[in-house]
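Colleague: Kindly generate the corresponding structure for this input.
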Amino acid sequence: MKHKQNTTRLPLAILAIAAQLAGLLSSGAAERDIFGYEAQRTSPDSVTKIVFIGDAGTHGPPGNHEFVAAFVLMARALHDAYPNVHAVVHSSNNWPKDFSHADAIIVGLNHGERAGKDAAIGKATKRGAGFMAVHFGVEVNAGVAGQNYLNWMGGYFETGWSVNPWWVPEFKSFPDHPTARGLKPFTLRDEWYYHMRFTKDMKGVTPIFSAVPPMSTVRKEKSARGGNPDVYKAVSEGKPQHMAWAYDRPDGGRGFGFTGMHLHSCHANDSFRTCLLNGAAWVAKLRIPKDGVSSKTPSETDLKAQVEEAIAVVKSGK
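Modeller: Down below sits the predicted model:
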């Protein structure tokens, strides 16, 4: 009789445990909603908090400057890779006022001036928060914003100094750096900015994506974003130009700059996407696996769905 009672209760106990685990898992999934701003803010210190801000406006037809869509992809990939990470995505229409909880701040904007002059971001970086900017988000004006970007991520696109051509660089090799883990040589057409304004002697800066541009990508005469004598000379002399870089700040914080990502379709390239995810993880001081942050290669259907979701996000005011 006693034996019979135990065998009856065992399945019930297993079912109870399973139900409990299911509840915990569903609760955890809800707590890590990429639009769960309050849940992120109030999560314990053991949770690494990453705040993405994507521009609410795009640039041209769908598929161009899809910063919100890109950050939706990246935030979910980081959740899949790191159980202790909570990443949230804001559009620039819902710009965060408080970064006191953020371990890393990542921006993709149609010009980064707003981020570069944001006192709350500056305060966060001073206490050690990482900072990363992508594509047009790496461009700010010389002066206050430019100096902040130098302090936060070691470099920026300076109008009249840097250039923004469409071209196909050949990324043949990568440095021994955590953000380069898992990367393989590749070529990819995009609007790759180069000739950044870096810290003096590039102190603290580690170039991750470098290539020698063709002369067709730069004008000899002075132009706001098309060329100038300095960049023309550098390219004519065959000096490698840097399109992604990691920055070890003197205060122990970290920065990362990435100049590509005009086209959302670029995320289908595994090395492109892995470098972005590595950069986001690194500035947040997460451990990066030897093969880089793993993620699923998105299909055309996935990429289109992300763009459609981003449009809905912006309309909703998130």
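
Colleague: Show me what secondary structure element comes after the lowest-mean-pLDDT helix or strand in the chain.
Modeller: When each helix and strand of the chain is scored by mean pLDDT, DSSP states H and E, helix 2-31 comes last, with a mean of 41. Proceeding N to C from helix 2-31, the next assigned helix or strand is helix 37-41, under DSSP states H and E.

Colleague: ok, and what's touching the following helix or strand past that following helix?
Modeller: Next helix or strand after helix 37-41 toward the C-terminus (DSSP H and E): strand 48-54. Outside of strand 48-54, the residues within contact range by Cβ atoms under 8 Å, 6 or more residues apart in numbering are 40-41, 43, 67-71, 74-75, 78, 82, 84-92, 95-96, 99, 101-109, 115, 280, 284-286, 310. All C-beta spots, glycine's among them, are computed from the backbone N, C-alpha and C.

Colleague: Would you agree F186 is in contact with F272?
Modeller: Yes: counting by Cβ atoms under 8 Å, F186 touches F272, with 7.2 Å between them.

Colleague: Between these two, point out the one with more neighbours.
Modeller: Shown here are F186 and F272; by other Cβ atoms under 10 Å, F272 has more neighbours (22 against 15).

Colleague: Spit out the contact partners of the more buried one.
Modeller: Neighbour list for F272: 186, 188, 260, 266 [criterion: Cβ under 8 Å, 6+ apart].

Colleague: can you give me the mean pLDDT across the host helix or strand of it?
Modeller: In this structure, F272 sits in helix 270-283 according to DSSP H and E. Averaging pLDDT along helix 270-283 yields 98.

Colleague: again with stretch 292-299
Modeller: In the prediction, stretch 292-299 has an average pLDDT of 98.

Colleague: Relative to the whole chain's centre, how far out is it?
Modeller: Averaging C-alpha positions (Cα atoms, centre = their mean, to the nearest Å) puts stretch 292-299 14 Å from its chain's average.

Colleague: A81: neighbouring residues, count only.
Modeller: Per other Cβ under 10 Å, the neighbour tally for A81 reads 17.
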